[in-house]
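*Asks:* Okay, sequence plus prediction incoming.
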Amino acid sequence: MRLFSKIAVTMATTVIAGTIASAAAVAFVFVPQYLEMDRTAALNNAQRVYDFLQHELATASSYAGDWGHWDETFEFAKNLDKGFIERNLKQDDLQTIHVDEFVIARRDRTIAFEVRADRAPDAAPVPFADLKAIPATQWHDFAGNVSRETRVGFSSTPAGPAIVATTAITDSNGNGPSPGVMIFVRLADAAFLKSVHEQTNLEFSLAPANAASNQAPNTARIGRSQDVPVTLAKHNGLTEVGVMLHDVSGAPSFTLRVATPTRYAQMIWVAMWVTLAILLVVGGFVGFVMFAFVQRVVTAPLEHMIAHTRRIAETGSLDTPLSLKRTDEIGALANAFDGMIGDLRQARRQLQEQSFVNGMANIAAEMLHNIRNALSPVSTAVWKGRESLKDVRIDRLQQAGLALAQSDIDAERKANLADYVGASAQHIFERCQSAQTEFEAIAALTNQIESVLNNHDDLSRGVRHVESIAVADIVTDITAFARQEPFQDVELVVMPSVAALPQVTAQRVVLLQVLGNLFLNALQSIGRAQASPGRVVINGRDLGDQIELTIIDNGEGISAERMPQLFNRGFTSRGAKGTGLGLHYSATSLNAMNGSIKAESEGSGKGATFRIRLPVASRKDKVA
């Protein structure tokens with residue numbers, strides 16, 4: 001499959017997968033959460049109304065307890081003194097404590113005294129006004145003659161729903177015998193229900209207990225002190241919670257029904273479909289733009305370079321350059337490639353011309369060996385550059401862009417998405433910077449190859465460029481190239497003594513190739529020995545008219561029988577993979593520069609040490 005096809009399939013798959021994943025996330029993660037939010041909201045609303053009614057019950061119970069265990073009430077219940085009525089049972093007094101009817105009943109349920117708060121002729125009816133005895137359904141039999149217990153509940157009375165609070169009458173110390181039972185009545189009429197609605201701002205109703213839902217109750221803690229069974233039902237976009245209320249005898253009397261709109265579920269489904277539609281539309285548009293961009297900027301130039309390389313491989317012709325007119329990293333790579341091909345073309349011409357000259361085959365072999373050494377890190381640098389760009393993902397950036405494209409996005413989320421887009425752009429920028437570094441390394445390596453070729457060109461014409469060189473600069477260049485090799489566990493240590501070495505007289509390109517050969521041999525030796533961790537140490541000594549540069553590795557070492565032939569042409573420890581030219585070239589080149597090389601090793605598996613000596617540059621050479 002072509003690279004463009006892979007990118008197209010990957011991006012399309014990413015958009016589709018992202019859309020499906022978004023839908024799945026909404027359906028399986030957010031929808032249940034929003035349904036639970038609707039359920040929680042309904043229970044919370046039911047609790048608010050229930051708590052309000054319980055507060056009213058507690059208030060009625062408190063007033064009933066205070067009046068029922070009061071000395072004046074105790075005496076009044078015995079003799080029905082009119083002074084008590086005039087002092088305590090005025091209309092304002094009863095309205096202050098929210099009592100619509102005040103009743104004193106004997107232990108046999110007969111009504112001894114009854115008065116209503118609203119005594120106007122057109123006043124609303126009260127439950128016990130025309131009765132001689134309290135109905136059994138509204139009565140609680142307090143055990144014994146003395147009891148401070150207060151019972152309260154919602155009762156269904158002839159006058160409608162009412163809060164009824166009752167207690168056995170005692171004196172202030174709780175002593176008896178009790179002359180009867182005191183009953184407070186507060187009507188739960190339309191005005192009462194309206195006040196509850198205004199206080200809670202919720203829709204609710206009271207239905208007789210025999211009209212309650214037949215659904216099995218779900219237990220939920222909507223009371224403040226105990227779990228209260230509730231029923232939940234959904235219809236017409238509402239969640240209705242039913243709570244059972246009880247009368248003074250503890251029997252069910254009314255069902256409180258609180259209705260809450262299911263807003264969250266409706267919102268999430270609408271948001272999901274709108275989001276999916278936007279994702280598909282914007283994802284398709286962004287995908288089309290990215291396809292066109294990648295095709296034009298990346299895959300088309302790479303395909304052109306591949307086709308050009310194949311033509312060179314098929315025809316062997318180095319005369320046609322790539323000629324990509326670009327200023328980015330791919331353009332730099334193409335220019336470096338053209339430069340390398342041009343140098344190779346020139347080298348081929350020179351090799352062809354010099355093939356007739358006796359001894360030039362040796363020069364050609366050495367040149368190709370050095371080029372191979374210089375090309376070795378190129379593949380690694382290309383791989384690193386490709387790896388730097390491999391994990392550049394745009395799917396989440398696309399999703400952020402889709403979200404930003406929504407018109408109803410709030411400012412905070414928009415700011416967060418903008419920050420995320422900026423961070424993603426920074427990440428892509430850093431990856432591109434890393435790839436640029438690797439392409440620059442490739443360009444530097446191709447420049448080194450060009451220097452090798454130019455040096456051999458000069459050598460073929462008998463020209464040698466001898467100059468004063470700082471060894472530390474050469475070592476720095478070599479270690480930089482060496483780190484491009486795929487030896488991640490090898491530690492390169494340059495001792496401070498190297499920087500203190502005086503300048504030497506040598507050919508820069510040749511010395512660069514010699515040290516490069518030794519570094520590459522050390523790294524390969526460590527790799528074959530599988531030394532972990534690998535280590536290469538570079539040290540230096542000033543010997544007066546010479547300097548000594550030492551390269552020490554902990555690789556596979558050199559056996560005693562191989563030491564005499566180590567610098568011979570064609571000798572190699574790498575078998576079929578080796579050329580046997582590197583150490584031979586290094587030795588002959590150092591001799592030509594009035595230097596020397598020496599190898600030391602304690603045996604196989606014990607590492608190796610190479611000592612290079614070069615003449616120190618004279619004052620005249622330094623000035624030159």
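*Replies:* Alright, I've got the coordinates.
*Asks:* how about the strands of the stretch 151-300 of the chain, start to end?
*Replies:* Ranges of strands in the stretch 151-300 of the chain, per DSSP state E, counting those that start in this stretch, are 160-168, 181-187, 203-208, 218-220, 228-235, 238-246, 252-261.
*Asks:* Show me the helices in the stretch 301-450 of the chain, by range?
*Replies:* Taking DSSP state H, counting those that start in this stretch as the test, the helices found in the stretch 301-450 of the chain are 329-354, 360-390, 395-404, 411-460.
*Asks:* Tell me where the model's unsure across the stretch 1-150 of the chain.
*Replies:* For the stretch 1-150 of the chain, the stretches flagged by pLDDT under 70 are 1-4, 119, 144-146.
*Asks:* ok, 80 please
*Replies:* Scanning the stretch 1-150 of the chain for pLDDT under 80 picks out 1-12, 15, 18-19, 22-31, 34, 118-124, 143-147.
*Asks:* Over to the stretch 501-624 of the chain?
*Replies:* In the stretch 501-624 of the chain, residues with pLDDT under 80: 531-532, 569-582, 619-624.
*Asks:* measure whatever residue is furthest in space from the centre of the chain to residue 421 for me?
*Replies:* Residue farthest from the centre of the chain, counting by C-alpha atoms, centre = their mean, is residue 79 at 81.0 Å. Applying C-beta to C-beta, to the nearest Å, the value for residue 79 to residue 421 is 88 Å. (C-beta placed from N, C-alpha, C; glycine too.)
*Asks:* Tell me where the stretch 1-150 of the chain has strands.
*Replies:* Using DSSP E, counting those that start in this stretch, strands in the stretch 1-150 of the chain cover 101-105, 111-116, 150-157.
*Asks:* who wins for proximity to residue 507 among these?
*Replies:* Of all these, it is strand 150-157 that lies closest to residue 507, at 109.1 Å by C-beta to C-beta.
*Asks:* State the distance spanning the first to the last residue of stretch 600-614.
*Replies:* 18 Å (C-alpha to C-alpha, to the nearest Å).
*Asks:* now residue 556, what's its secondary structure?
*Replies:* Here residue 556 is recorded as coil under DSSP: H, G, I helix; E, B strand; the rest coil.
*Asks:* among the helices of the stretch 301-450 of the chain, which gets the worst mean confidence?
*Replies:* Sorting the helices of the stretch 301-450 of the chain by mean pLDDT places helix 360-390 lowest, at a mean of 55.
*Asks:* list the buried ones in stretch 593-609?
*Replies:* Of all the residues in stretch 593-609, those buried under the rule 16 or more other C-beta atoms under 10 Å are 593, 595, 597, 599, 601, 607-609.
*Asks:* And for stretch 317-331?
*Replies:* In stretch 317-331, the ones that count as buried by 16+ other C-beta under 10 Å are 318, 322, 324, 329-330.
*Asks:* So what's the gap between the strand or helix carrying residue 615 and the chain middle?
*Replies:* Assessed by DSSP states H and E, residue 615 sits inside strand 608-615. Distance of strand 608-615 from its chain centroid, counting by C-alpha atoms, centre = their mean, to the nearest Å, is 54 Å.
*Asks:* And stretch 48-65, by the same measure?
*Replies:* Averaged C-alpha coordinates place stretch 48-65 at 50 Å from its chain's average position (C-alpha atoms, centre = their mean).
*Asks:* do stretch 339-355 as well
*Replies:* 55 Å.
*Asks:* now do stretch 299-314
*Replies:* With C-alpha atoms, centre = their mean, you get 40 Å for stretch 299-314.
*Asks:* Select, out of the strands of the stretch 1-150 of the chain, the one closest to residue 66.
*Replies:* strand 150-157 (9.6 Å).
*Asks:* Run through the helices of the stretch 51-200 of the chain in chain order.
*Replies:* 71-79, 82-88, 91-96, 190-200.
*Asks:* ok so, going back, and the buried residues of stretch 317-331, which is closest to residue 107?
*Replies:* Of all the buried residues of stretch 317-331, residue 107 sits closest to residue 329, with 103.2 Å by C-beta to C-beta.
*Asks:* Could you check how far that closest one is from residue 304?
*Replies:* From residue 329 to residue 304 the distance is 15 Å (C-beta to C-beta).
*Asks:* State the number of residues packed around residue 86.
*Replies:* 9 (other C-beta atoms under 10 Å).
*Asks:* Residues contacting stretch 138-153, please?
*Replies:* Stretch 138-153 is touched from outside by 57-58, 60-61, 64-65, 68-69, 109, 127, 155, 157, 163-168, 170, 174-178, 181, 245-250, 253, with contacts defined as C-beta atoms under 8 Å, 6 or more residues apart in numbering.
*Asks:* buried sites along it?
*Replies:* So, applying 16+ other C-beta under 10 Å, buried residues of stretch 138-153: 138-140, 142, 147, 150-153.
*Asks:* So which elements touch the one helix or strand residue 468 maps to?
*Replies:* According to DSSP H and E, residue 468 maps onto strand 467-469. Applying 3 or more C-beta pairs under 8 Å, 6 or more residues apart in numbering; DSSP states H and E, one finds that strand 467-469 contacts strand 504-506, helix 508-529, helix 619-623.
*Asks:* Tell me what angle whichever helix or strand comes after it forms with strand 608-615.
*Replies:* Heading C-terminal from strand 467-469, the first helix or strand you meet, by DSSP H and E, is helix 471-482. Angle between the axes of helix 471-482 and strand 608-615 is 140 degrees (criterion: axes from the mean of the first three to the mean of the last three C-alpha atoms, to 10 degrees).
*Asks:* What are the contacting residues of helix 471-482?
*Replies:* 374, 377, 444-445, 448, 492, 494, 498-499, 501, 503-504, 508, 511-512, 515-516, 519-520, 523, 536, 538, 540, 547, 549, 614.
*Asks:* Throw together a ChimeraX command that grabs the buried residues out of the residues you listed.
*Replies:* Burial among those is assessed by 16+ other C-beta under 10 Å; the matching ChimeraX selection reads:
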select :374,377,444,445,448,492,494,498,501,503,504,508,511,512,515,516,519,520,523,536,538,540,547,549,614
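*Asks:* For residue 591, see how far away residue 136 is.
*Replies:* Taking C-beta to C-beta, one finds residue 136 at 129 Å from residue 591.
*Asks:* whoops, residue 279 was the one
*Replies:* In this structure, residue 279 and residue 591 are 72 Å apart, going by C-beta to C-beta.
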